[in-house]
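Novice: Compute the structure for the input listed below.
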Amino acid sequence: MPAPVANKRVKNKRISRNIIIGSEAWNLPPLGHPDRPKNVPEDHTKRWTVYVRQPAGDPALTTWLNKVQFKIFNTYENPLRTCEAPPFEVTETGWGGFSIDIRLHFQPMSGEKAQYRQHFLQLEKYGSPEMQAEQERTGCVRSEFLEVVQFNEPTEALFEALTSEDQWNYLVAGSAKGGKKAAMMAMGANGRPKRGFPGGERSAQLPEKGGDDVQFSQEQEAGLIEMIQQKVKDVERELEIEGRRREETEGRLRALRQELGHEAAQQAAQQASGDRSRRR
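Specialist: Here you go, the predicted structure:
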């Protein structure tokens, strides 16, 4: 079997990978406290980390991700930070939040250009009272989002890498958080890492049916599409009904203007406007 070609594309294939982009912030000890780190500016009140991580149990990021660049605020020394190996994160101290530009660089075999993301560094408590109470209890303000990176018609080399069992080797080796126990929980009954399909077979496509070990499936996707299409039809029907009502109202107004004059027509227009407001 010939080796995959680095620049030849696999037609009609799309592979997605999830990543977590987020930040965590902790209060620094006050000035004069023995636990306060040295050489931290006096006005800095927080220690924070911004990061790009993979969801627990997902294939290794390094299969497709080569390096990550973080562009932090320009008052920091060397504001463009580059991480060429995991962990893809930057830790600093500060006193206020700001937007951080993030550039994802892919493995050379992908033939893909870098992609940009942005994350706001959240240093103060936020959210519902329950969320803020939990942040107060743990002393950590965490703000993170799940992002999707898509490879549409990937190169043969990248497709080979993204469908290879080697992506899950880090789980089997016990390097995942939680060690050997976590790695065993990530294994299927057949002794292979849990994949998108119940049997763990090699594929980049969604399985046809769902199951206990299958979070997404073509069946679920089709049901969601059908529901959205029905909602669109409902909205279009309501718009059509509202359009007919508007035409009828405008017709009556034209007739009133001719019959009663401008003042009476104006009163009728105001009444019609009130009727529409009540219907909504």
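Novice: tally of neighbours for residue 50?
Specialist: The number of residues packed near residue 50 is 25, by other Cβ atoms under 10 Å. The way it works is simple: take the backbone N, C-alpha and C, and place the C-beta from them, glycine included.
Novice: quick one: contacts for it?
Specialist: 22, 23, 70, 72, 89, 90, 100, 102, 119, 121 (Cβ atoms under 8 Å, 6 or more residues apart in numbering).
Novice: Count the residues that sit near the last one.
Specialist: Here the count is done by other Cβ under 10 Å, and residue 121 has 23 residues near it.
Novice: That one and residue 68, how far apart?
Specialist: Using Cβ to Cβ, to the nearest Å, residue 121 is found at 16 Å from residue 68.
Novice: Could you do the fifth one as well?
Specialist: Residue 89 is 8 Å from residue 68, where distance means Cβ to Cβ.
Novice: burial measure for residue 136, as a count.
Specialist: By the measure other Cβ under 10 Å, the count of residues near residue 136 is 11.
Novice: Report whether it is found in a helix, as I expect.
Specialist: Yes - the assignment for residue 136 is a helix, going by DSSP: H, G, I helix; E, B strand; the rest coil.
Novice: wait, it sits on residue 125?
Specialist: Yes - between residue 136 and residue 125 a contact is recorded at 6.6 Å, counting by Cβ atoms under 8 Å.
Novice: tell me the helices in the protein, going along the chain?
Specialist: 129-138, 156-162, 169-172, 179-185, 218-260, 262-279 (DSSP state H).
Novice: Kindly state the domain boundaries assigned to this structure.
Specialist: What automatic domain parsing lists as the domains of the chain is 14-163, 218-279.
Novice: Quick check: which of those is nearest to residue 170?
Specialist: domain 14-163 (5.3 Å; Cβ to Cβ).
Novice: In the stretch 151-280 of the chain, where is pLDDT below threshold?
Specialist: 173-217, 261-265, 268-269, 272-280 (pLDDT under 70).
Novice: how about 80 then?
Specialist: In the predicted model, the stretch 151-280 of the chain carries pLDDT under 80 at residues 172-223, 256-280.
Novice: and what of the stretch 1-150 of the chain?
Specialist: Across the stretch 1-150 of the chain (using pLDDT under 80), the flagged ranges come out as 1-7.
Novice: repeat that with 50
Specialist: Along the stretch 1-150 of the chain, the model assigns pLDDT under 50 to residues 1.
Novice: can you give me the strands for it?
Specialist: Under the criterion DSSP state E, counting those that start in this stretch, the stretch 1-150 of the chain contains strands at 14-27, 46-53, 65-71, 80-83, 88-94, 99-106, 115-120, 140-152.
Novice: okay if I get the ones you listed as JSON lines plus distance to residue 257?
Specialist: Converted to JSON lines, the strands of the stretch 1-150 of the chain look like this (distance: least, Cβ to Cβ, whole Å):
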{"stretch": "strand 14-27", "distance to residue 257": "58"}
{"stretch": "strand 46-53", "distance to residue 257": "64"}
{"stretch": "strand 65-71", "distance to residue 257": "62"}
{"stretch": "strand 80-83", "distance to residue 257": "67"}
{"stretch": "strand 88-94", "distance to residue 257": "65"}
{"stretch": "strand 99-106", "distance to residue 257": "55"}
{"stretch": "strand 115-120", "distance to residue 257": "54"}
{"stretch": "strand 140-152", "distance to residue 257": "55"}
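Novice: For the helices of the chain, state which one has the densest average packing.
Specialist: Ranked by mean neighbour count, those are led by helix 156-162 with a mean of 20 (mean count of other Cβ atoms under 10 Å).
Novice: and that helix, how far out from the chain's middle?
Specialist: Relative to its parent chain, helix 156-162 has a centroid offset of 23 Å by Cα atoms, centre = their mean, to the nearest Å.
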